[in-house]
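Fold the following.
(chains A and B)
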Amino acid sequence: MEPRIAVTGLGLVTPIGVGREDVWNGLLAGRSGFAPVESFDTHRFNVHLGAEVRGFEPAPYARRLDPARLGRASQLAIAAARLALEDAGIDSGAVAPERAGVAMGTTSGEPREVERLDDRIQAGEVDRVGPEFLSLYPCHMIAAHVARELGFAGVNTMIPTACAAGNYALAHALDMLRAGRADLMLAGGADAFSRITYTGFARLGAIAPERCQPFDRNRKGMIPGEGAAVLVLEPLERALDRGARIYAELAGYGLSCDAHHMTAAHPEADGAARAMERALADVGAAPSEVSYVSAHGTGTPTNDRLEILAVKRVFGEAASGIPMSSIKSMIGHTMGAASAIEAAVCALAVAEDRIPPTMNMDDPEEGLDFVPNVARELPVRMAMNNAYAFGGNNASVILRKVGL
Amino acid sequence: MRRSVVVTGAGVLSPLADSPAGLHAALCAGESGFKEIELFPLDGLSGNGSGPRRAGEIRPFEPRDYLGERNLRPIDRTSRLLLAAAQRALDESGWTPELRAEREVGLMLGTVFCSVKTIAEFDRRGLQLGPSHVSPLDFANSVINAAAGQAAIWHGLRGVNSTISAGEASGLLAIAGGTSQIRGGHADALLAGGAEELCFESFLGHLRAGRLCGPDDPLPFDARRGGFALAEGAALLLLEEAAEAAARGARVFAEVLGHGSAFDPLETADGAAQAVARAVRIALDDAGITSGDLDAVSVSASGSVAVDRAEAAGLAAALGASGAGVPVTAIKSMLGEALGASGGFQAVAMLGTLGDGFLPGIRGLERTEEDFPLTGAGAGTRRVAVRRALLTALSADGHACAVVLGAPQ
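Presented below is the predicted three-dimensional model:
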């Protein structure tokens, strides 16, 4: 009999705030994290908004490691990990290190390090490239840095499955815990604001000029962001034994691949629907048991349309009665961190019976309840978190009340 | 009752050969896969001849030999290597396009950079010409899961599709992850292994980090070693749930008996050795065997002074007295360090050993350090009856992974 797995701690670093309480209050209030990009000069772009984490100081979180020798995504990840452990009431020194692991997702790893390399090459200064590129850039360093900071010696995996990576990391951590390969897993995602990412989405014409409006008829695109989220996962029995606060059970997941196009979703939402169906099967739940869907909801015209189609395929007639919102309307698209942040939000929704709104909705698409502009109170027994990525990678995870 | 995982096919593109049988034969013959680097100029990088000039570059590499006439333009080198290896593994396993349309096949890919060349060139083009002059195709390939996505599209792989990064341990972790997916009922069949290309950006990074050997070939475990040679390639196993494989009458080459992984958070030689030892012990427990049941070991030792030493110490600790003397090979002496692809190389090569009982020697190994603990490491190819084999990997950043393969029952 596989153990059930509890979510007992949440660490969040986002464009609208830092820490569980600040972020949750911000989301319920519809706070916006969009502002002109500061990380780099955007004068050659025709869009200028981003969702950066402003004023972030890694020093309070990176206590064992020197923040100056960490890439920004690692800094964000370490902050989220420290916050999550603190939230779970776990002292990292009191954990059996061999039984504590880390699984993190990302889109770009530490893109600023390759951008720094490119600046050097561009300036004809290859001679100035030192050992730092290899010690900072490879994406696996994010999970490695989190584990080094905390002294965690168990499984350590980086899963760079782009914009669905946070959900993939949660799925991987769930595998490890179910198989008894760890007693404690920190799982989540991290991404740093990046010139490369911004350039790419701008070239695709996918960046909104003024605001992000998922599922609104006049939506004009996504807004790139950055951030990190870490969830503390442990077997339910252990969590109960230590009297931990339990937000939710991480009940199951489903993964699939469109095998259709690198950047465009399947025209019939085939892969997205299969991921949701597989997650429901993993949990052993019927679609009608889902009380809230946390949408991928980037705000691009095509992706949102296909996501609506996918949900209708899976939930059928019941779809219109299941609230579905996208917090990307507030915090932007935080890439590899996005689905981890959204999973944390699902855990809070399950714990508090409240769901955050989709903001900036003037003229919602028809057919589904997008929770327009105002947070809602309702019993959230089971929440589904959906994420879709470049490469056709689809991942759905399901969180539910422990009593179920 | 736990679901069993078997290997029903393999594909490889390596510096020595482009088939599992060819790779096994070349390794057993002690061939060197190193060539003068031609993929990028070494101007100013090679330190007046004292620096590295050779690598496990795959040359010639004609993707069309494997992939036919479909449009390869949007596919970069890492993805082309992967697509070719995947084609071979799917062909060998009997997972035809018709069968893949009917049932899902997944992919668990280990890679360190995917294509840092694609990523960096995309960025530099934006810097040079302005953001509106970059190519959307290049952007699609700039994500680290791009190769796995391209392979899914090319080959119609609709099942679980994931990318795993853990440095030089990425490939074995992908095989471990794929095994977990099948055991857990999330997949019935998937490709698992790794892919990595040789490129200027990776070479420069490794050179400046002081990890590469000089102009001579790398010497894993030898006292004279001074670093590794970079390499490239792709290697995949087709992993399948045993009953499903039997039901479709597939040939079984091996069984994945167990896996384990661990991490060294301390950045010390001892910490890294302990991580290896833990990973091996977990893998043996998972396989339900002890170290005395092992007939062969393939390690990730590459010629790195510190990492080779830590891997040897950790492996020796886990083998203990009952496993001391088990024959050990280090195929990076012939293939080089192919980063994400390396674990796949080890796994595919071991299929050959499971098949005919020949374990390649460690090329160039003449003299180990005085306290070198692995008495089973030797230069010559040996004949051993192999029923159970261990694969180990230790990354320079502290990731350890071990996989136990068994001969087909």
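
Tell me how many other residues crowd A:Gly254.
By other C-beta atoms under 10 Å in any protein chain shown, 26 other residues sit near A:Gly254. The C-beta positions use only the backbone N, C-alpha and C, and glycine is treated the same way.

okay but it is in contact with A:Ser396, surely?
Yes: the criterion here is C-beta atoms under 8 Å, and A:Gly254 meets it with A:Ser396 at 4.9 Å.

anything in contact with each of the two?
A:275-276, A:278-279 (C-beta atoms under 8 Å, 6 or more residues apart in numbering or on different chains).

Could you find the closest non-adjacent residue to the residue of chain A found nearest chain B?
Residue of chain A nearest chain B, by C-beta to the nearest C-beta: A:Gly391 (2.4 Å). Excluding its sequence neighbours, the residue lying closest to A:Gly391 (C-beta to C-beta, 6 or more residues apart in numbering or on different chains) is B:Gly149, at 2.4 Å.

Tell me if I'm right that the one you found and A:Ala264 touch.
No: using C-beta under 8 Å, B:Gly149 is not in contact with A:Ala264; the gap is 11.6 Å.

So which of these two has more stuff around it?
Just comparing B:Gly149 and A:Ala264: by other C-beta under 10 Å the higher neighbour count belongs to B:Gly149, 33 against 14.

counting contacts, what elements does the helix or strand where the more buried one lies pack onto?
For B:Gly149, the host element (DSSP states H and E) is helix B:146-155. With contacts taken as 3 or more C-beta pairs under 8 Å, 6 or more residues apart in numbering or on different chains; DSSP states H and E, helix B:146-155 sits against helix B:77-93, strand B:106-110, strand B:161-164.

I'd like to know which of those is closest to A:Asn385.
When the helices and strands packed on helix B:146-155 are compared by C-beta to C-beta, strand B:161-164 sits nearest A:Asn385, at 16.9 Å.

Nearest approach to chain A belongs to which of the helices and strands packed on helix B:146-155?
Closest approach to chain A among those (C-beta to the nearest C-beta): strand B:161-164, 3.6 Å.

Is the following helix or strand past that closest one positioned near chain A?
Using DSSP H and E, the helix or strand that follows strand B:161-164 in sequence is helix B:170-183. Yes: legend: contact between helix B:170-183 and chain A by C-beta under 8 Å from any C-beta of the partner chain is shown at B:170, B:173, B:177, B:180-181, B:183.

So what does A:Ile196 have for phi and psi?
As for A:Ile196, its main-chain torsions (degrees, to the nearest 10) stand at phi -60, psi -50.

Surely it touches A:Glu110?
No: using C-beta under 8 Å as the test, A:Ile196 is too far from A:Glu110 to be in contact (11.1 Å).

Need the overlap of contacts for those two.
With C-beta under 8 Å, 6+ apart, A:Ile196 and A:Glu110 have no common neighbours.

Point out the residues in the stretch 301-409 of chain B that sit beside chain A.
Residues of the stretch 301-409 of chain B lying near chain A (C-beta under 8 Å from any C-beta): B:395, B:397-399.

Let me see the domain layout of the chain.
As the question left the chain open, I've gone with chain A. With domains defined by automatic domain parsing, chain A comprises A:5-241, A:252-400.

I was after chain B.
Domain segmentation of chain B under automatic domain parsing yields B:5-247, B:258-406.

residue ranges with poor pLDDT in chain A?
Judged by pLDDT under 70, chain A has its weakly predicted residues at A:404.

packing partners for the longest helix belonging to it?
Using DSSP state H, we find that the single longest helix of chain A is helix A:72-88. Helices and strands touching helix A:72-88, by 3+ C-beta pairs under 8 Å, 6+ apart, are strand A:5-14, helix A:140-150, strand A:184-191, strand A:227-235.

quick one: the longest one near chain B?
Yep, that's helix A:140-150 we're talking about. Yes: contact of helix A:140-150 with chain B (C-beta under 8 Å from any C-beta) involves A:140-141, A:143-144, A:147-148, A:150.

Scan those residues and report the most crowded one.
Compared across these, A:Ala143 has the highest neighbour count, 34 neighbours, by other C-beta under 10 Å.

correct me, but B:Thr392 touches B:Ser300?
Yes: counting by C-beta under 8 Å, B:Ser300 is a contact partner of B:Thr392 at 6.2 Å.

so how many other residues sit close to B:Ala321?
Residues within reach of B:Ala321, counting by other C-beta under 10 Å, total 8.

That one and B:Ala287, how far apart?
From B:Ala321 across to B:Ala287, the span is 19 Å (C-beta to C-beta, to the nearest Å).

For B:Gly106, see how far away the closest residue to chain A within the stretch 101-250 of chain B is.
With C-beta to the nearest C-beta, the shortest gap between the stretch 101-250 of chain B and chain A falls at B:Gly149, namely 2.4 Å. Note on B:Gly149: its distance to B:Gly106, by C-beta to C-beta, is 13 Å.

hey, what's in contact with both of those two?
When contacts are counted by C-beta under 8 Å, 6+ apart, B:Gly149 and B:Gly106 are jointly contacted by A:257, B:161.

that's a helix at A:Asp22, yeah?
Yes: counting by DSSP: H, G, I helix; E, B strand; the rest coil, A:Asp22 is found in a helix.

got a list of what it touches?
Residues counted as contacts of A:Asp22 (C-beta under 8 Å, 6+ apart) are A:Leu12.

try 10 Å this time
Listed by C-beta atoms under 10 Å, 6 or more residues apart in numbering or on different chains, the contact set of A:Asp22 reads A:12, A:14, A:16, A:31.

what does B:Ala396 give?
So B:Ala396 contacts A:134-135, A:138, B:167-169, B:206, B:209, B:211, B:228, B:272, B:302, B:304, B:306-307, B:310, B:337 (C-beta under 10 Å, 6+ apart).

any idea which helix or strand carries B:Val252?
Assigned by DSSP H and E, B:Val252 belongs to no helix or strand.

buried ones in stretch A:77-84?
The neighbour-count check on stretch A:77-84 (16 or more other C-beta atoms under 10 Å in any protein chain shown) flags A:77-84 as buried.

same check, this time on stretch B:263-281
In stretch B:263-281, counting by 16+ other C-beta under 10 Å, buried: B:263-266, B:271-281.

when you check those against the strands, which ones overlap?
B:Phe263 (DSSP state E).

So which of the buried residues of stretch B:263-281 is the closest to chain A?
Looking across the buried residues of stretch B:263-281 and measuring by C-beta to the nearest C-beta, the closest to chain A is B:Phe263, at 3.7 Å.

and B:Gly260, which of the three is it?
Three-state call for B:Gly260 (three-state DSSP): strand.
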